[in-house]
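Visitor: Provided below for reference: sequence and predicted model.
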Amino acid sequence: MLESGEFDAARKAFVRGEDQGDNACSDMLTQLDQFEREKLANIAIETGEYKEALEQLQALIEQDSEYALLALGVLHQTGRLGRVDLHQAKACYQRAAELGSVEAHYRLGCAALEGLEYVAAHSAFTKGADLGDDQCKNILSKRDLFEEFEIEKAIDSGDLRSALERLEKLADLGSANALAEIGWVYHSGQIGKTDLLLAKEYYERAIEAGNMGVYRNLGLLLLEEEEEIHARDVFLRGAKEGQPSCMYQLSRMLRNGDGGAIDTRQADIWLNTAAAQGHLVSQLLIN
């Protein structure tokens, strides 16, 4: 009956069997309930009724439904529930993987890649490939995608020159992360002596390529060069881009009058904003 889609008739048959003490019928009723709920959730997703889909999926997750975990992960990853939430998406995929879902490893790897977590992505795809997932195998075959993973290994092993060569190749392709990393290499003097001029150039290119987190490093570099006015402007730009570390640094400069006039009111605003976004030092200062 199930194969022919006669669900009502199947349900009645299983209910009669359950009433007679047949455990197999009880199990089939549970599976049928789950299947019907998954069907309703899928229809809600396809029609854009995400609130209804969420209710169905949450109920299914209590039953450890692989479908529900993967579907909810996608909703979080794509922002269909209001905002993109990679943390929740990865949590769903991780749970599905723990329950034995092979596809979950692929989705977990994709979410990690989206968050630029190359090591975590590599690990997820490797586990999926080991379980026979062709999508994971295909991703792993694209070596250039994991160039940054190889860079991390080179850095960990102390082969900084090899890491720099790999970073420069990525920088030539416009990688904002690679540009930022090279800037830090020259800023910190990890290879040879410090070169603040080159560091500044790479930081600025990284920002142009979209890495807003580099505003902090650029601002600190300018402070090292005693360019306080320029540093304050850089921290302001970073703060406006939502960077808590820049908000904190800007607050300090505003409070002390570094690089411009003292403005304690704005200093407090930026400090509280940074704290609200999880900046630990800011949180300690306002408590």
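Guide: Everything's here; your move.
Visitor: Disregarding residues adjacent in the polypeptide, which is nearest to His187?
Guide: In space, and not counting its chain neighbours, His187 is closest to Ala199: 3.8 Å by CB to CB, 6 or more residues apart in numbering. (Glycine included, C-beta is placed from N, CA and C.)
Visitor: Could you count how many residues lie near the one you found?
Guide: 22 (other CB atoms under 10 Å).
Visitor: Quick check: what element follows whichever strand or helix holds Glu36 along the chain?
Guide: Assigned by DSSP states H and E, Glu36 falls within helix 23-46. Using DSSP H and E, the helix or strand that follows helix 23-46 in sequence is helix 50-61.
Visitor: between the helix or strand just after that next one and helix 50-61, how big is the angle?
Guide: Once helix 50-61 ends, the next helix or strand along the chain (criterion: DSSP H and E) is helix 66-78. Put simply, helix 66-78 runs at 140 degrees to helix 50-61, going by axes from the mean of the first three to the mean of the last three CA atoms, to 10 degrees.
Visitor: Helix 66-78 - contacts with which helices or strands?
Guide: Secondary-structure packing of helix 66-78 (3 or more CB pairs under 8 Å, 6 or more residues apart in numbering; DSSP states H and E): helix 23-46, helix 50-61, helix 86-98, helix 103-114.
Visitor: Export these to TSV and append columns for distance to Ile207.
Guide: As requested, the helices and strands packed on helix 66-78 are exported to TSV (distance: least, CB to CB, whole Å):
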stretch	distance to Ile207
helix 23-46	38
helix 50-61	35
helix 86-98	23
helix 103-114	21
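Visitor: ranking those helices by mean pLDDT, which is last?
Guide: Among the helices and strands packed on helix 66-78, helix 23-46 has the lowest mean pLDDT, at a mean of 69.
Visitor: quick revisit: mean neighbour count and distance to Ala231 for the helices and strands packed on helix 66-78 - can I get that in TSV?
Guide: Below are these laid out as TSV (neighbours: other CB atoms under 10 Å; distance: least, CB to CB, whole Å):
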stretch	mean neighbour count	distance to Ala231
helix 23-46	15	48
helix 50-61	18	44
helix 86-98	20	32
helix 103-114	23	32
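Visitor: Alright, I will stop here.
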